[in-house]
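Engineer: missing the sequence, but the structure's below:
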Ligand SMILES: CCCCCCCC/C=C\CCC/C=C/C(=O)SCCNC(=O)CCNC(=O)[C@H](O)C(C)(C)COP(=O)(O)OP(=O)(O)OC[C@H]1O[C@@H](n2cnc3c(N)ncnc32)[C@H](O)[C@@H]1OP(=O)(O)O
Ligand SMILES: Cc1cc2nc3c(=O)[nH]c(=O)nc-3n(C[C@H](O)[C@H](O)[C@H](O)COP(=O)(O)OP(=O)(O)OC[C@H]3O[C@@H](n4cnc5c(N)ncnc54)[C@H](O)[C@@H]3O)c2cc1C
């Protein structure tokens, strides 16, 4: 903290980059404090509450986390069971875990690290439930860090990853907090217990929207790090003969290796630009919301949900491809890739399970489709829904940006229409609304993925057409953008061709183009990963070292394995030798028989 002050890091982005550089392998146990707890106090507290608590949080005098998920509920927030009941006599809220399933379970750093939590609980006042609200709760003694009376707190045990985060459980037993510990920027409980409701009940969900936006950048960071390691290693690793009798080839010269890695390199650049675009949209709309203009809140929610789900799914699949493209050494922690995967794959679940998030976006698309069919105006990002689906592609040998964006618009518009028509058909068959919805959610998920894919392609093209970039760089970035878009079509050709949008010749053009682009990008592949400028300290990888000294690094890494501290391990004396002695005795016995 002091070091960041010394270095003059003021913006949260700079601070986050510094924290990651300082703790590259394990996630910081203060990630949730800085990334969720403090920003939520700023955005969901009244000005007075923010003035009181935010400085304490920023100076780490108060260390907190976000405690919402319970044993029985994570996705369905309205089903959370923790209660906060207002007691007007004492001006306090009484927090309680009334059932086993209501125990808070998963909140990061709650087990051993934090002394405060933002707790999401069902608010009761004057005998009536007003839904979930956030409460600031002190959970440990500020003098000796002991657990406050009335609370049971512990660690949930080993996980797939996230080893630097002590995810815990927390149980309330009629635990009292002051009335003013309810975050009251949007909703309030007055001294007499009267409830003042917010302009929109979902304003309380604002912290989750913010983190989903951050997670799009995390998807870029993790995928690009894995790509750096795999591409650099592919330049160093020589294996097998490409030319009979010739020297062993750099594995990066195999077309299959290029087809594995170069689209992921292009995806990394696409996700970086998408994350920046998403952040700009979030900054604009969240500031409108803070000024009371909630008009674009549904659009922000839908975009954040969709991109968070789409980018984490693609990033995790891509990181696994990077790992496997490094052969056996990729499976070792020496590569650094298993840790990257283990730390980000949870993002497909936390901050909104990806399928559920995609369905939130799908719900928004369904409503926009109906508005579009009525001729109503639509937000710019959604206007493609009114695309004329009878139009065919004009794609030519050049695979122009315009023809590629048109293809993605057509695909998404067609798939949203298919899902919406199924939903409408279900209703006409007499299904209730919720059944008509549920029985069309599989095509809605596919349509929403196409919607997100369009956003990322269009965003990439827009930035290349708007930003002033020197010609040489623009040329390479254009190759990456074209590869990202063409590869996405080739890999999902059925969705693009189902209505005959492309003809056979155009399909052949696309299949040729994706292979040609691999050759175009090959000379710049290492430079394109070096451009991310990740220091070796951050990558923590013997395979992805900047100096390429892979085998020397692997040898040193292996020698440092704790198993090598002694030549003969105690298991020999405890198990192996007794077993062998027993075997030899039994053999003597059988020989005598
Ligand atoms: C390089 C390093 C890599 C690793 C980096 C790690 C760094 C550390 C970062 C993070 C660590 C992990 C921390 C994790 C924390 C958590 O997981 S906190 C808990 C998160 N939990 C969730 O996200 C729960 C998901 N569920 C929900 O959000 C909601 O339940 C719901 C699915 C949205 C449904 O809500 P609800 O049932 O109340 O609403 P609906 O009936 O579906 O919809 C009603 C209308 O409300 C609109 N709506 C819903 N949510 C929002 C919102 N957030 N904003 C705006 N509007 C919203 C919805 O669209 C409906 O509108 P409509 O009626 O017009 O259609
Ligand atoms: C690494 C990690 C860190 C976490 N950190 C925190 C934290 O700091 N604070 C916190 O409060 N929580 C935290 N969580 C919990 C996390 O927010 C929840 O696990 C997440 O919201 C998913 O909810 P769930 O576990 O109830 O999954 P469920 O919703 O039970 O998912 C199970 C299955 O049900 C499906 N499903 C559920 N609802 C629907 C639906 N409506 N339609 C279709 N399918 C559906 C899902 O798609 C999924 O396939 C963390 C979780 C992880 C893994």
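Structural biologist: All right, it came through fine. This one's a predicted model, so the numbers in the text were calculated from it and none came from an experiment. Ligands and ions are numbered 1, 2, ... in the order given.
Engineer: what about the residue of the stretch 51-200 of the chain with the smallest separation from ligand 2, distance to residue 375?
Structural biologist: Nearest residue of the stretch 51-200 of the chain to ligand 2, counting by CB to the nearest ligand atom: residue 74, 2.4 Å away. In short, each C-beta sits where N, CA and C put it, glycine included. Taking CB to CB, to the nearest Å as the measure, residue 74 falls 40 Å from residue 375.
Engineer: more neighbours: the two, which one.
Structural biologist: residue 74 (18 against 7; other CB atoms under 10 Å).
Engineer: these two touch, right, that one and residue 353?
Structural biologist: Yes. Contact between residue 74 and residue 353 holds when scored by CB atoms under 8 Å: they sit 7.3 Å apart.
Engineer: for ligand 1, what are the nearby residues on this structure?
Structural biologist: With CB under 6 Å from any ligand atom as the criterion, the chain meets ligand 1 at residues 27, 31-32, 35, 66, 68-69, 74-78, 108, 202, 205, 208-209, 211, 218, 221-222, 297-298, 301, 343-344, 350-352, 356, 360, 363.
Engineer: so what touches stretch 382-392?
Structural biologist: The contact list for stretch 382-392 (CB atoms under 8 Å, 6 or more residues apart in numbering) reads 299, 365, 368-369, 372, 378, 409-410, 412-414, 416-417, 454, 499-503.
Engineer: circling back: return the subset of the residues of the chain next to ligand 1 lying in strands.
Structural biologist: Among the residues of the chain next to ligand 1, the members falling in strands (DSSP state E) are residue 66.
Engineer: sort out for me which of the residues of the chain next to ligand 1 are in helices.
Structural biologist: The helices in this structure, assigned by DSSP state H, contain 31-32, 208-209, 211, 218, 221-222, 297-298, 301, 343-344, 356, 360, 363 from the residues of the chain next to ligand 1.
Engineer: flag the least confident of the residues you listed.
Structural biologist: Lowest pLDDT of those: residue 31, 89.
Engineer: contact partners for that one?
Structural biologist: Contacts here follow CB under 8 Å, 6+ apart; on that basis residue 31 touches 19, 108, 165.
Engineer: quick check, nearest of these to ligand 1?
Structural biologist: Nearest to ligand 1 among the contacts of residue 31: residue 108, at 5.4 Å, using CB to the nearest ligand atom.
Engineer: for burial, what's the neighbour tally of the closest one?
Structural biologist: Neighbour tally, residue 108, other CB under 10 Å: 25.
Engineer: pLDDT value on residue 574, please?
Structural biologist: As predicted, residue 574 sits at a pLDDT of 97.
Engineer: try residue 586
Structural biologist: Looking at residue 586, the pLDDT reads 77.
Engineer: strands of this protein, start to end?
Structural biologist: Using DSSP E, the strands of the chain run over 64-67, 83-87, 92-96, 104-105, 116-125, 128-138, 151-155, 168-172, 175-178, 188-189, 195-196, 238-241, 248-250.
Engineer: of the ones you listed, which is nearest residue 561?
Structural biologist: Judged by CB to CB, the one of the strands of the chain that comes nearest to residue 561 is strand 238-241, at 24.5 Å.
Engineer: can you name the residues that contact residue 486?
Structural biologist: Applying CB under 8 Å, 6+ apart, the residues contacting residue 486 are 399, 404, 510, 513-514, 517.
Engineer: can you add neighbour count, distance to residue 321 and pLDDT and give the residues you listed back as TSV?
Structural biologist: Rendered in TSV, the data for the contacts of residue 486 read as follows (neighbours: other CB atoms under 10 Å; distance: CB to CB, whole Å; pLDDT from 0 to 100):
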residue	neighbour count	distance to residue 321	pLDDT
399	22	24	97
404	24	23	98
510	22	21	98
513	21	21	98
514	22	16	98
517	22	17	98
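Engineer: what residues does the residue of the stretch 51-200 of the chain closest to ligand 2 make contact with?
Structural biologist: Counting by CB under 8 Å, 6+ apart, residue 74 has contacts 68, 106, 353.
Engineer: then residue 366?
Structural biologist: Contacts of residue 366 (CB under 8 Å, 6+ apart): 416, 419-420, 423, 444.
Engineer: next one: residue 229
Structural biologist: By CB under 8 Å, 6+ apart, the contact list for residue 229 reads 322, 326, 335-337, 539, 541, 543-544.
Engineer: before we move on, back to that, closest to ligand 1 among the contacts of residue 74?
Structural biologist: Nearest to ligand 1 among the contacts of residue 74, counting by CB to the nearest ligand atom, is residue 68 at 4.4 Å.
Engineer: how many residues are close by the closest one?
Structural biologist: 23.
Engineer: just the contacts of residue 74 that are near ligand 2?
Structural biologist: The subset of the contacts of residue 74 lying close to ligand 2, counting by CB under 6 Å from any ligand atom, consists of 68, 106, 353.
Engineer: wait, the first one sits on residue 107?
Structural biologist: Yep, that's residue 68 we're talking about. Yes. Under the criterion of CB under 8 Å, residue 68 makes contact with residue 107 at 7.2 Å.
Engineer: beta partners of residue 195?
Structural biologist: On the basis of DSSP bridges, residue 195 takes part in beta bridges with residue 189.
Engineer: surely it meets residue 129?
Structural biologist: No. Contact status for residue 195 versus residue 129: not in contact, 9.9 Å apart, counting by CB under 8 Å.
Engineer: neighbour count: those two, which is higher?
Structural biologist: Set residue 195 next to residue 129 and count neighbours by other CB under 10 Å: residue 195 wins out with 18 against 12.
Engineer: select only the buried ones of the residues of the chain next to ligand 1 in ChimeraX?
Structural biologist: In ChimeraX, a selection of the buried entries from these looks like this (16 or more other CB atoms under 10 Å):
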select :27,31,32,35,66,68,69,74,77,108,202,205,208,209,211,218,221,222,297,298,301,343,344,350,351,352,360,363
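Engineer: ok, residue 44 - contacts?
Structural biologist: 134, 183, 185-186, 203-204, 206-207.
Engineer: ok, now residue 459?
Structural biologist: By CB under 8 Å, 6+ apart, the contact list for residue 459 reads 270, 273-274, 277.
Engineer: backbone dihedrals for residue 431, please?
Structural biologist: Here is the backbone geometry of residue 431 (degrees, to the nearest 10): phi -70, psi 150.
Engineer: what's the local residue count around the residue nearest to it when sequence neighbours are not counted?
Structural biologist: Nearest residue to residue 431 in three dimensions, chain neighbours excluded: residue 439, at 6.7 Å (CB to CB, 6 or more residues apart in numbering). Residues lying near residue 439 (other CB under 10 Å) number 15.
Engineer: correct me if wrong: residue 260 contacts residue 325.
Structural biologist: Yes. With contacts counted by CB under 8 Å, residue 260 reaches residue 325, the gap being 4.9 Å.
Engineer: gap between the residue of the stretch 51-200 of the chain closest to ligand 2 and residue 410?
Structural biologist: 37 Å.
Engineer: residue 421 now?
Structural biologist: Using CB to CB, residue 421 is found at 16 Å from residue 410.
Engineer: okay, these two: which has more neighbours?
Structural biologist: Neighbours per residue, other CB under 10 Å: of residue 421 and residue 410, the larger number sits with residue 410, 23 against 13.
Engineer: I'd say that one and residue 394 touch.
Structural biologist: No. Between residue 410 and residue 394 there is no contact under CB under 8 Å: 11.1 Å.
Engineer: how many residues are close by residue 214?
Structural biologist: Neighbourhood size, residue 214 [other CB under 10 Å]: 22.
Engineer: name the nearest residue to it, ignoring sequence neighbours.
Structural biologist: Among residues not flanking residue 214 along the chain, residue 35 sits closest, at 6.4 Å (CB to CB, 6+ apart).
Engineer: list the contacts for that neighbour?
Structural biologist: Counting by CB under 8 Å, 6+ apart, residue 35 makes contact with 16, 211, 214.
Engineer: which single one of those is nearest to ligand 2?
Structural biologist: Checking those against ligand 2 with CB to the nearest ligand atom, the nearest one is residue 211 at 9.3 Å.
Engineer: let me know the pLDDT of residue 2.
Structural biologist: 68.
Engineer: that older thread, is it possible to get TSV of the ones next to ligand 2 among the contacts of residue 74 that adds distance to residue 60 and pLDDT?
Structural biologist: Output for the ones next to ligand 2 among the contacts of residue 74, formatted as TSV (distance: CB to CB, whole Å; pLDDT from 0 to 100):
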residue	distance to residue 60	pLDDT
68	22	98
106	23	98
353	31	98
